[in-house]
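J.: no sequence for this one, just the structure:
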């Protein structure tokens with residue numbers, strides 16, 4: 001009886017006019033979620049008759065807003081979907097959607113538990129190969145294998161390839177710029193200058209450009225009077241810092257706390273250039289095709305986290321001859337003694353020149 005019921009549910013996609021229904025799992029973090037967008041856009045263009053549902057957190061839903069025929073299923077991992085019993089309930093809810101296959105782009109404990117529940121019902125699950133061994137070889141201090149690893153975007157695409165849906169990221173097409181809302185227009189004051197986004201923060205201090213040097217960059221660009229600079233951040237401490245910078249320069253507008261996340265994304269999508277750390281904001285800008293300059297500390301683009309479609313010359317690196325253990329970690333959470341100030345070797349003039357060249 002249960003087998004027949006499962007067949008009926010899996011045929012739900014067929015009854016809606018789709019050939020199949022793929023569940024895509026990516027719960028966090030923001031940058032990693034944003035990196036799924038070019039892959040899903042390309043998938044959608046290649047397979048319009050396959051239904052896609054993305055399992056992620058409620059906050060990230062606007063990230064997928066420009067992909068047609070894609071639905072979001074909100075994972076309440078701190079509430080009703082918490083723990084093994086909550087995940088069991090979540091798997092039941094998802095099966096009732098008529099899922100025919102699962103692309104696990106996260107491959108963490110939660111998604112591994114979900115995989116077991118799906119397997120019991122005969123639903124195929126393919127998980128991302130994170131390349132842990134080669135990343136360990138890239139970040140170790142001795143016998144380091146310093147080479148370019150596969151891009152995370154391609155690792156995501158490989159999951160769909162193994163599901164039987166080849167995704168060629170060379171065929172990706174960016175969406176048209178989205179219209180600005182009244183709230184954005186009010187904040188931007190209809191500025192006709194070039195729009196430069198600046199996201200000066202990251203999860204780990206080792207990936208943050210020194211504030212005094214970033215202020216120097218902003219001050220010099222402000223004097224050029226060419227750009228309207230929009231500052232992005234979150235949290236009270238970051239907002240206070242950005243408000244202080246905003247108050248000192250005529251061509252600077254602090255965005256933090258003044259727009260909804262959905263409107264922030266629309267503003268980012270209309271920037272001329274984004275300057276960011278190796279952080280989520282870089283990936284948000286890149287998913288809209290915005291030229292994105294990234295500043296790197298103890299991490300490195302070789303780990304596969306270069307923003308989508310950005311050439312290597314958009315990545316500004318510290319002095320690797322002086323700090324030859326870089327990358328010391330994939331996420332910036334491991335900083336060897338003496339590596340605390342690697343970003344001081346990136347000169348403000350180099351950043352300004354890179355921005356002006358774009």
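T.: Here it is on my side, so go on. All figures in this text were calculated on a predicted structure; none of them were measured in a lab.

J.: what is the mean pLDDT for stretch 30-49?
T.: When pLDDT is averaged over stretch 30-49, the result is 98.

J.: so how far is it off the chain centroid?
T.: With C-alpha atoms, centre = their mean, to the nearest Å as the basis, stretch 30-49 stands 12 Å off its chain's centre.

J.: domain map for this structure?
T.: Per automatic domain parsing, the domain ranges recorded for the chain read 2-168, 182-357.

J.: quick one: which of the ones you listed is nearest residue 175?
T.: domain 2-168 (4.7 Å; C-beta to C-beta). (Glycine included, C-beta is placed from N, CA and C.)

J.: nearest to residue 174, of the domains of the chain?
T.: Short answer: domain 182-357, nearest of these by C-beta to C-beta, at 3.8 Å.

J.: quote the end-to-end distance of the closest one.
T.: With C-alpha to C-alpha, to the nearest Å as the measure, the first residue of domain 182-357 is 31 Å from its last.

J.: stretch 248-255 now?
T.: 15 Å.

J.: ok so, going back, least reliable of the domains of the chain going by mean pLDDT?
T.: domain 2-168 (a mean of 92).

J.: which of the domains of the chain is buried the deepest?
T.: domain 182-357 (a mean of 19; mean count of other C-beta atoms under 10 Å).

J.: state the distance from residue 18 to residue 351.
T.: Plainly put, residue 18 is 47 Å away from residue 351 if you go by C-beta to C-beta, to the nearest Å.

J.: show me where the stretch 151-300 of the chain has strands.
T.: Ranges of strands in the stretch 151-300 of the chain, per DSSP state E, counting those that start in this stretch, are 194-199, 227-231, 252-254, 273-277, 292-295.

J.: closest to residue 151 out of the ones you listed?
T.: strand 292-295 (13.9 Å).

J.: strand partners (parallel or antiparallel) of the closest one?
T.: Using DSSP bridges, strand 292-295 pairs in its sheet with strand 273-277 (parallel), strand 315-316 (parallel).

J.: dump those strands to a markdown table, plus distance to residue 344.
T.: Below are these laid out as a markdown table (distance: least, C-beta to C-beta, whole Å):
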| stretch | distance to residue 344 |
| --- | --- |
| strand 273-277 | 14 |
| strand 315-316 | 13 |
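
J.: any idea which of those gets closest to residue 52?
T.: strand 273-277 (27.0 Å).

J.: now what about that closest one, what contacts it?
T.: 194-202, 207-209, 217, 268, 281-282, 285-286, 290-297, 351, 355, 358 (C-beta atoms under 8 Å, 6 or more residues apart in numbering).

J.: from residue 158, how far off is residue 114?
T.: Applying C-beta to C-beta, the value for residue 114 to residue 158 is 20 Å.

J.: again with residue 261
T.: For residue 261 relative to residue 158 (C-beta to C-beta), the value is 29 Å.

J.: now residue 97
T.: Residue 97 sits 25 Å away from residue 158, going by C-beta to C-beta.
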